[in-house]
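**Student:** Using only what follows, build the 3D model:
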Amino acid sequence: AIISVDSGEVLAEGKHVSPLRYTVQQSLFYDLPGSQLRHEASSAHFELLQRMDKVSIRLGNICYVNYGAQVSSKRPGAYVKADVVSEVPFGNSKRFFEGRDLDRYFVGWGGLHLDYRPDTMYGPRSEELFKSPKLVFRKISGPSDTLLVGFDDQGHYCDDGLVLAVHYASVKGGKLREEFEGFDLTRDPYALEYCLALSASKLMSFYYGFRFATGSLQGSYSHVYPQHVRNLPIYRVAFNESHRGDWSFKTEAQLSGTWKEVLARVSEEVSHNRSELVHDLLAYLARQMLSMHKEVRSHTANFWTDLEGVTTPTTFRQLRDKGKQAAGLAADPALAPFVSAASKSTRSLDEALAWDEAAFKGFVRALAGPVDRLSALLKVYERYAPGYRDLTERIARTDRLIDQIVYQLYGLTDDEIAIVEGRTA
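**Tutor:** The predicted model follows:
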C-alpha cells in the first residue's frame with residue numbers, strides 16, 4: 001500500500017506556504033517503533049536509512065552493551081541509591097558518575113562515590129563493564145532526539161541512567177552474557193574511538209531519531225535503550241594493514257578549518273575500499289575531541305575557583321548553582337545574540353565565557369542581581385574568556401569536520417546532507 005503524506009501548512013518568513021505532499025510505501029514504516037506514521041518522513045529518509053544499514057555492521061557486533069548498575073538493594077527496602085552514593089567515599093568506594101556528568105565525547109566526574117555492593121545490589125552488572133574503556137550513552141536523549149554519547153577510560157562506575165558499550169574482549173570469561181541473537185561477534189579491530197566519532201555524529205542522531213526514537217518524553221526527548229545502541233550502524237571497515245598510512249596533514253586541516261584536501265582523500269580511500277585509513281582518522285579526531293573537552297573542564301574549573309575568590313559565598317552559589325533557561329535569557333538584548341528564545345536548555349555562567357562582556361554581565365545580573373565588586377568579577381572573565389573561546393571554537397571546527405567525513409564515508413548526497421542537517425539542527 002502507498003500512503004499519501006501531507007506535511008501540513010508550513011510557515012516560512014512569516015507567510016503561510018503550500019503544504020508538502022508526497023507518497024511513501026506503507027511497508028517502510030513497519031520497522032519504526034510501534035510502526036509509527038511520521039509526517040516528516042519521505043522515501044528519501046528511508047532510502048538513506050537503508051543505505052546506512054547496507055554498508056554497516058552493528059555496534060552490537062563489536063561491543064557488549066548494557067545499562068549501568070541498578071544500585072538499590074535486591075531485598076526490598078534494605079537500601080536505595082541515596083544510601084550508597086555520597087560525596088564522601090565509604091565502604092567499597094568507587095568513583096561514580098551520572099547522566100548530568102556526560103557531555104558529548106567526554107565523561108566528567110562530579111565528585112560522587114558509590115559504595116559498590118555486588119552481592120546485594122539488584123543489578124550490579126560486572127566490574128569489567130565499568131573498569132574497561134567504554135562508550136557511555138545517556139538513557140534520555142538530547143533535544144530533538146539527539147544521541148548524547150561520551151567515552152570513559154578512567155574506570156568510573158555509573159547507574160542504569162546510562163547505557164554502556166565495551167569491547168567483548170573486555171568482558172570475556174566473566175559473568176556477563178557474551179552472545180546476543182542476531183549479533184555475530186567480529187574479530188576485526190574496531191577502535192572504540194572510531195565508534196565514538198560515528199555515534200556522536202549528526203548522521204547517527206538522525207538514524208536514531210527516525211529508526212528508534214518515540215518522542216515519548218516531555219518535549220522532543222526519547223529513551224535510549226540498550227537494544228537501540230546495539231543496533232546502531234557502524235560503517236564496515238575493510239581492514240588491511242598494508243593500506244594503513246599517515247595522515248600527515250590531518251592536524252593542520254583540523255585546526256585551520258580548510259578541509260577540502262581531507263574530504264577529497266576520504267572519498268578516494270572509500271572508493272578504493274581502503275576505509276581503514278578513514279577509521280584511523282576518525283579515531284584520531286575523536287581522541288582530539290576528548291583531549292579538548294578535558295581542557296575545557298580544567299579551564300572552567302579554574303574559572304570557578306578564581307570567581308569564588310572575588311565574590312561572597314551567597315553570590316558565588318547563585319552564580320554557580322542556579323543556571324537559567326535560554327528562553328528567559330533571550331529577553332535581555334545583551335544576551336539575545338547568544339541564546340535561542342525557542343530553546344528550553346539551561347545555560348550556566350561558564351558558557352558565557354564564549355560571549356562578549358556585555359552578555360556576561362547580563363548573565364551575572366540574571367543569576368544574582370546587582371553584585372558588589374563587579375570589576376573584580378569582570379577581571380576573572382577577561383582572564384579566562386580568550387582561552388575558553390579558542391577551545392570551544394576548535395571543538396566546533398573538529399565536530400564539523402567529523403560530520404563531513406561521516407557524510408563522505410556513508411556516501412551521502414548534498415540533498416541527503418540537507419535532510420540530516422534539518423533533522424538534527
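**Student:** Where do the helices of the stretch 101-250 of the chain begin and end?
**Tutor:** With DSSP state H, counting those that start in this stretch, the ranges of helices along the stretch 101-250 of the chain come out as 127-131, 168-171, 192-199, 202-211, 226-230, 250-256.
**Student:** what's the longest one packed up against?
**Tutor:** Identification of packing neighbours for helix 202-211 by 3 or more C-beta pairs under 8 Å, 6 or more residues apart in numbering; DSSP states H and E yields helix 43-54, helix 374-410, helix 414-424. To be clear about C-beta, it is placed using only N, CA and C from the backbone, and glycine gets the same treatment.
**Student:** Residues in contact with stretch 363-371: which ones?
**Tutor:** 311, 315, 318-319, 322-324, 328-329, 332, 335, 347, 349, 352, 355, 374, 377 (C-beta atoms under 8 Å, 6 or more residues apart in numbering).
**Student:** centroid residue for this protein?
**Tutor:** The C-alpha lying nearest the average C-alpha coordinate of the chain belongs to Leu148 (C-alpha atoms, centre = their mean; 2.7 Å).
**Student:** looking at it, that residue is touching Gly161, isn't it?
**Tutor:** No - in terms of C-beta atoms under 8 Å, Leu148 does not count as a neighbour of Gly161; the distance is 11.4 Å.
**Student:** list residues touching both of those two?
**Tutor:** Residues touching both Leu148 and Gly161 (C-beta under 8 Å, 6+ apart) are Arg138.
**Student:** on that earlier part again, so which of the helices and strands packed on helix 202-211 is nearest Thr300?
**Tutor:** Closest approach to Thr300 among these is made by helix 374-410 (7.2 Å; C-beta to C-beta).
**Student:** Same list as before, the helices and strands packed on helix 202-211 that is, but in JSON lines and with distance to Ser291, mean pLDDT and mean neighbour count included.
**Tutor:** Below are the helices and strands packed on helix 202-211 laid out as JSON lines (distance: least, C-beta to C-beta, whole Å; pLDDT from 0 to 100; neighbours: other C-beta atoms under 10 Å):
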{"stretch": "helix 43-54", "distance to Ser291": "29", "mean pLDDT": "92", "mean neighbour count": "16"}
{"stretch": "helix 374-410", "distance to Ser291": "10", "mean pLDDT": "95", "mean neighbour count": "17"}
{"stretch": "helix 414-424", "distance to Ser291": "24", "mean pLDDT": "87", "mean neighbour count": "15"}
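**Student:** Which among these is found nearest to Asp152?
**Tutor:** Nearest of these (C-beta to C-beta): helix 374-410, 18.3 Å.
**Student:** elements contacting the closest one?
**Tutor:** Going by 3+ C-beta pairs under 8 Å, 6+ apart, helix 374-410 lies up against helix 192-199, helix 202-211, helix 250-256, helix 260-271, helix 275-308, helix 357-368, helix 414-424.
**Student:** Point out the most buried one among these.
**Tutor:** helix 192-199 (a mean of 26; mean count of other C-beta atoms under 10 Å).
**Student:** if you average pLDDT over that one, what comes out?
**Tutor:** Mean per-residue pLDDT for helix 192-199: 98.
**Student:** got it, and stretch 76-88?
**Tutor:** 95.
**Student:** how long is that stretch end to end?
**Tutor:** 25 Å (C-alpha to C-alpha, to the nearest Å).
**Student:** Run through who's touching it.
**Tutor:** For stretch 76-88, the surrounding residues in contact (C-beta under 8 Å, 6+ apart) are 71-73, 91, 96, 111-117, 120, 159.
**Student:** From the chain's centroid, how far away is that stretch?
**Tutor:** Offset of stretch 76-88 from its chain centre (C-alpha atoms, centre = their mean, to the nearest Å): 28 Å.
**Student:** what do you get for stretch 414-425?
**Tutor:** 18 Å.
**Student:** Pro118 - how many residues pack around it?
**Tutor:** By other C-beta atoms under 10 Å, 12 other residues sit near Pro118.
**Student:** And the one 3 residues further on, by the same measure?
**Tutor:** By other C-beta under 10 Å, 20 other residues sit near Met121.
**Student:** Where does the prediction get shaky in the stretch 101-250 of the chain?
**Tutor:** Scanning the stretch 101-250 of the chain with the threshold set as pLDDT under 70 gives 178, 215-220, 241-250.
**Student:** Quickly note the distance from the residue nearest to the centre of the chain to Ala165.
**Tutor:** 14 Å (C-beta to C-beta, to the nearest Å).
**Student:** Overlap in contacts, those two.
**Tutor:** Common contacts of Leu148 and Ala165 (C-beta under 8 Å, 6+ apart): Phe137.
**Student:** Looking at the helices of the stretch 101-250 of the chain, which is nearest to Leu412?
**Tutor:** Nearest of these (C-beta to C-beta): helix 202-211, 7.4 Å.
**Student:** Keeping just the C-alphas, turn the closest one into PDB.
**Tutor:** Below are the C-alpha coordinates for helix 202-211, written out as PDB (Å, rounded to 0.1, in the frame of the first residue of the first chain):
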ATOM      1  CA  LYS A 202      24.800  14.300  13.400                       C
ATOM      2  CA  LEU A 203      24.200  11.400  11.000                       C
ATOM      3  CA  MET A 204      23.900   8.800  13.800                       C
ATOM      4  CA  SER A 205      21.400  11.100  15.700                       C
ATOM      5  CA  PHE A 206      19.400  11.300  12.500                       C
ATOM      6  CA  TYR A 207      19.400   7.500  12.300                       C
ATOM      7  CA  TYR A 208      18.400   7.100  15.900                       C
ATOM      8  CA  GLY A 209      15.800   9.800  15.600                       C
ATOM      9  CA  PHE A 210      14.000   8.100  12.700                       C
ATOM     10  CA  ARG A 211      14.700   4.400  13.500                       C
END
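**Student:** so it versus helix 374-410, what angle?
**Tutor:** Computed with axes from the mean of the first three to the mean of the last three C-alpha atoms, to 10 degrees, the direction of helix 202-211 lies at 70 degrees from that of helix 374-410.
**Student:** Now do helix 202-211 against helix 192-199, angle only.
**Tutor:** 60 degrees.
**Student:** Pull the distance from helix 202-211 to the chain's centre.
**Tutor:** 12 Å.
**Student:** Which of the contacts of stretch 363-371 fall in strands?
**Tutor:** 324, 347 (DSSP state E).
**Student:** so what's Ser345 scoring on pLDDT?
**Tutor:** Looking at Ser345, the pLDDT reads 81.
**Student:** contacting residues for it?
**Tutor:** So Ser345 contacts 143, 325-326 (C-beta under 8 Å, 6+ apart).
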